[in-house]
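In: Got a predicted structure plus its sequence, pasted below:
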Number of protein chains: 2
Amino acid sequence: MALPGLRYATYHAYRAGKQPPARANTYNQGNTMNGADSLCDTLLANDVDVCFANPGTSEMHFVAALDRKPKMRCVLGLFEGVVTGAADGYARMADKPAATLLHLGPGLGNGLANLHNAKRARTPMVNIVGDHATYHVQYDAPLTSDVEGVARPMSHWVKRGMSAESMSADAAEAITVARRHPGNIATLILPANSAWTELPADTAVVKVVDEAVPHTTVEAVRAAAKAIRSGETTTLLLGSTALRERALKAAGRIARATGVRLLSETSNRRIERGGDRTPVDRLPYPIDLAVAKLKDVRHLVLVGAKAPVGFFAYPGKPSLLAPEDCEKIVLATVEQDLAHALEWLADELGIAADAPRLAAPAPAYEVPASGKLTGAAVNILVAHHLPENAIVCDESITQGREFPIYSASSAPHDWLMLTGGAIGIGLPMAAGAAVACPDRKVITLQADGSGMYTLQALWTQARENLDCLTVILANRSYATLHGEMKNVGVQEPGRNARRMLDLEEPYLDWTHLARGMGVEAVSVDTVEGFARALQDGLKRRGPFLIEALI
Amino acid sequence: MALPGLRYATYHAYRAGKQPPARANTYNQGNTMNGADSLCDTLLANDVDVCFANPGTSEMHFVAALDRKPKMRCVLGLFEGVVTGAADGYARMADKPAATLLHLGPGLGNGLANLHNAKRARTPMVNIVGDHATYHVQYDAPLTSDVEGVARPMSHWVKRGMSAESMSADAAEAITVARRHPGNIATLILPANSAWTELPADTAVVKVVDEAVPHTTVEAVRAAAKAIRSGETTTLLLGSTALRERALKAAGRIARATGVRLLSETSNRRIERGGDRTPVDRLPYPIDLAVAKLKDVRHLVLVGAKAPVGFFAYPGKPSLLAPEDCEKIVLATVEQDLAHALEWLADELGIAADAPRLAAPAPAYEVPASGKLTGAAVNILVAHHLPENAIVCDESITQGREFPIYSASSAPHDWLMLTGGAIGIGLPMAAGAAVACPDRKVITLQADGSGMYTLQALWTQARENLDCLTVILANRSYATLHGEMKNVGVQEPGRNARRMLDLEEPYLDWTHLARGMGVEAVSVDTVEGFARALQDGLKRRGPFLIEALI
């Protein structure tokens, strides 16, 4: 769309030294406001009061508006993958969305991987992505790109806010979508002139009314109850909000009373566990183990979970992991109220509200005291010393697979995982969780290879003085891929393969990396050293990093 | 598309312990090959022999194939933005594409920002993006995403290689597109089963025939000649390959003989300059300066360049920067042979092939000797000491704007710039340029804020022992944005704005960051210290970093 009149007039007015039209360049000074103000006001009026940001030139009016709203907490990330990963961690713990502020298509692109994880977690999030002024897009300036195209694969909802006047309604729509249970990624594109255009000072702010969370149906509950009563092997596969405490209480009563097994999906947004909470087994990542775990199941009751599929396909291995002929029953979908569904199911089965629940397991490990440090020792020591109410951000990949077993008997804690397989979420997620829960210790189990993707998050942890203890499980390789090379039949990788799978020549030094971003750090390679560093780290407040050489 | 027969059979075969079908799980052992081999062979047969990579599980068969091809140089990046930025730098210097290896939609997403820059530079590049096996996509495993959707905004060409049999033809098509003058981003999606499926050992490899570069027309040449002969103010605006030495020789003859001005676009892929090469002025980034530079132009002759537009829109400032009523003449488009067009124009103007060219300028600076370090001092000292045949990777943003002025009289060098405005290209581009030109010194002028986007590139510089000298211009702020805040009328940023624009609390320590990735580094804050460190760095071979506190 060419707008020759507009640009011609503007060019000549500019060259003649005339003032530009008032509507196009004023901004809030006392009794006026602009589109960016309207957007900020709408976020704040709807309880979105944290903005993880990495702004650029096209967002300067929005930054100026944020500067006028001290109630908005602005948290800078030095890379957009930090911004979106932190917003994910924040929302998982705050149970409400944060806003992100991103800079055009490439800035959004940098945030896509962690948006993918958040989309898979169904985390609520409101992305504000700046773009060129609407009339400037046609000129294809260097930073022009198809922002909608970049946003769509990792968003549930995408809209361009075409005017300052529509900004409050657009933002309210984004918040409504983001908050729709269990959460969605809403991406609102903010053209620079929608931000800078002036509005009447009394422009109304749209308030969002939350939608009721839908319940499951009596048919679904009866079908699940019938399967459980059949006496045949039945498993409740729990996902999403079925892993929160209220839902787990009901599931724990059902399991104790009927003997059904409780299993969680492999990758989960947040599990409330430890202490006397209902223990839930986890579907293993490796296909062979997952198939073995499910092989006897006759009825698979899906509670906010999907019928299990392989994370990847392998020649000669199945995509679907449960027996073909087992019955799959959807008790409730992820969009429904899963706690309500499980309580209803318990009622249907005649289980009293105060019936006993599945008991928490006793610790099933020996605490190692000395020797060369191993991944298992790290997992046991962290599980053993886990402080009450800790938040565990888990991107430990291969080296942490046994952590959930050891920590089943730990103090009560939240366990946040990599949901979408896009590595680089651990350090940012921890930063966001710590912003949401300033009184809780956040412990990150971080593989070294994936930690490198978004290591800039350490700076945000330092900047905000977040209570984040990071354990780098430094095996100095993409160990997952070494395993996968064996899976494709390569026993002895050659030079090209080794140079793509090993993080050596040179080794990374995480103590230097952390110090470079203002985070204190130590490196340990013995059990004694790790135990000391861990206890030291748990006593501190503020960010600290332990490089565990295993 | 559901394939129940396939998965059912596979599940049962698997559970029964039967061998999977031979076609689906064998790979090259002596006299057989698979789709991944066919792809690698096609790349090598067409002179694509460097692969910048960050692989994942779905690419393991491709990695195994690369492992069987020692002629392919595989260069690991610890983040995909490093991979795509390095492939860009490589192709700018090698004048041929590298391959990249990326892991599904999120891995591609991580590489998008530097793909955007490469797309704007029209750099040739062949991206290989692994994806799930074709039959596995329907199950929506956690890493499933719309890979085509992620690729399209930053690619000129996207295709999914649907079978092993088609792999060589698909790869050849990707190479053809990538090489089409002046270069294109070709993205080939590689489903895992297209990689692992077996092929006859004598499967043919498709060889690419390069297309001729089209010439401009006599009408275009005559129109440009007429404008130059008019005696009215005429400017040749040069972009893309018009900034390479052969084209510049012709432009230099024309400028010397006729008095037309030579101007380059603001952001350029590669300029061959210094020594006795034709000097070219550069269109400034700030709109006011750009408009002033162009205000008297009556005829604007576009040579692989576009009519200049503002990098961003600003209230009351024009989008188009040249006078509305100046005549725009397209001598040749970026897709045409620009050296040929300029030589033809010189002929048309009757300028002899050996006519004198525009002279290089004399050094116009005083070399500072001592005092507190400033951006200007860094620029002058680097320009002064620039070794012959250096490659300058420039992501200096605000602090390096005067470098091109000082370096116009430097020894002959190549100057590579940030073409698309997506920050985070400097360190990766340097790595790629050094892989392409192992005998040339690569000097990176790197702003600190943008350097943090892809700092992982330092590890690749160490791993490959690349001759990269990095100068971090550490002003510890997003200085561009401070200027832009003033542009939107904010004289004194408040807390929220300052915390989004300043890289302090804590400061970054680049010597620690570099050492953490195996690169030696020093920090200096005086002119004397910088001069010493620079000369020390120039004497070494291998990576070295100077943090210049300015």
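Out: Yep, that arrived.
In: Give me the neighbour count for the closest residue to chain B within the stretch 201-350 of chain A.
Out: When Cβ to the nearest Cβ is the measure, the stretch 201-350 of chain A has its nearest residue to chain B at residue A:316, with 2.1 Å between them. In short, each C-beta sits where N, CA and C put it, glycine included. For residue A:316, the number of neighbouring residues by other Cβ atoms under 10 Å in any protein chain shown comes to 15.
In: My understanding was that it contacts residue A:489; is that so?
Out: No: taking contact to mean Cβ atoms under 8 Å, the distance of 11.3 Å between residue A:316 and residue A:489 leaves them out of contact.
In: after the helix or strand bottoming out on mean pLDDT in chain A comes which helix or strand?
Out: Within chain A, no helix or strand scores below helix A:22-25, which has a mean of 37 by mean pLDDT, DSSP states H and E. Using DSSP states H and E, the helix or strand that directly follows helix A:22-25 along the chain is strand A:33-34.
In: Packing partners of the helix or strand just after that next one?
Out: The element immediately downstream of strand A:33-34 (helix or strand, assigned by DSSP H and E) is helix A:35-45. Using 3 or more Cβ pairs under 8 Å, 6 or more residues apart in numbering or on different chains; DSSP states H and E, the elements in contact with helix A:35-45 are helix A:60-67, helix A:167-179, strand A:185-191, helix A:192-196, strand A:198-199.
In: Residue nearest the middle of chain A, spatially speaking?
Out: residue A:88 (3.6 Å; Cα atoms, centre = their mean).
In: can you pull the contacts of residue A:46?
Out: With contacts defined as Cβ atoms under 8 Å, 6 or more residues apart in numbering or on different chains, the neighbours of residue A:46 are A:171, A:172, A:175, A:207, A:208.
In: Narrow those to those that are buried.
Out: When the contacts of residue A:46 are checked for burial by 16 or more other Cβ atoms under 10 Å in any protein chain shown, the buried set is A:171, A:172, A:175, A:208.
In: farthest-separated two in these?
Out: A:171 and A:208 (9.1 Å; Cβ to Cβ).
In: list the contacts for the nearest residue to residue A:69 once chain neighbours are set aside?
Out: Nearest in space to residue A:69, with sequence neighbours left out and distances taken as Cβ to Cβ, 6 or more residues apart in numbering or on different chains, is residue A:40 at 4.9 Å. Remark: with contacts taken as Cβ under 8 Å, 6+ apart, residue A:40 is in contact with A:62, A:65, A:66, A:68, A:69, A:72.
In: secondary structure class for residue A:465?
Out: Classification of residue A:465 into helix, strand or coil gives coil, according to DSSP: H, G, I helix; E, B strand; the rest coil.
In: tell me the contacts of the closest residue to it other than its chain neighbours?
Out: Taking Cβ to Cβ, 6+ apart, and ignoring the residues beside it in sequence, residue A:465 has residue A:542 as its nearest neighbour in space, at 5.0 Å. If a contact means Cβ under 8 Å, 6+ apart, then residue A:542 has A:465, A:466, A:467 as its contacts.
In: how does chain A divide into domains?
Out: Per the TED database, the domain ranges recorded for chain A read A:35-196, A:218-349, A:375-549.
In: of all these, which gets the most neighbours per residue?
Out: domain A:35-196 (a mean of 25; mean count of other Cβ atoms under 10 Å in any protein chain shown).
In: quick one: the spatially closest residue to residue A:426 that is not a sequence neighbour from residue A:446, how far?
Out: Leaving aside its sequence neighbours, residue A:426 sits nearest to residue A:395 (Cβ to Cβ, 6+ apart; 3.1 Å). Using Cβ to Cβ, to the nearest Å, one gets 5 Å for the distance from residue A:395 to residue A:446.
In: Any chance you could list residues touching both of these two?
Out: If you check residue A:395 and residue A:446 against Cβ under 8 Å, 6+ apart, the residues they both contact are residue A:426.
In: my guess is residue A:485 meets residue B:61, correct?
Out: No: with contact taken as Cβ under 8 Å, residue A:485 and residue B:61 are classed as non-touching, separated by 9.7 Å.
In: Tabulate the domains of chain A (a markdown table), appending distance to residue B:185 and mean pLDDT.
Out: As requested, those are arranged in a markdown table below (distance: least, Cβ to Cβ, whole Å; pLDDT from 0 to 100):
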| stretch | distance to residue B:185 | mean pLDDT |
| --- | --- | --- |
| domain A:35-196 | 12 | 97 |
| domain A:218-349 | 26 | 97 |
| domain A:375-549 | 22 | 96 |
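In: Adding distance to residue B:291, write the ones you listed out as CSV.
Out: Conversion of the domains of chain A to CSV gives the following (distance: least, Cβ to Cβ, whole Å):
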stretch, distance to residue B:291
domain A:35-196, 14
domain A:218-349, 51
domain A:375-549, 37
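In: For chain B, what's the nearest residue on the stretch 351-500 of chain A?
Out: Taking Cβ to the nearest Cβ, the stretch 351-500 of chain A has residue A:422 as its residue nearest chain B, at 3.4 Å.
In: Check the secondary structure at that residue for me.
Out: Secondary structure of residue A:422, reduced to three states by three-state DSSP: coil.
In: Near chain B, which residues of the stretch 251-400 of chain A are found?
Out: Taking Cβ under 8 Å from any Cβ of the partner chain as the test, the list of the stretch 251-400 of chain A residues beside chain B reads A:266-267, A:291, A:295, A:306, A:309-320, A:323-324.
In: Quick one: the strands in the stretch 151-300 of chain A, in order.
Out: Under the criterion DSSP state E, counting those that start in this stretch, the stretch 151-300 of chain A contains strands at A:157-160, A:185-191, A:198-199, A:234-238, A:261-264, A:271-273, A:281-282, A:299-303.
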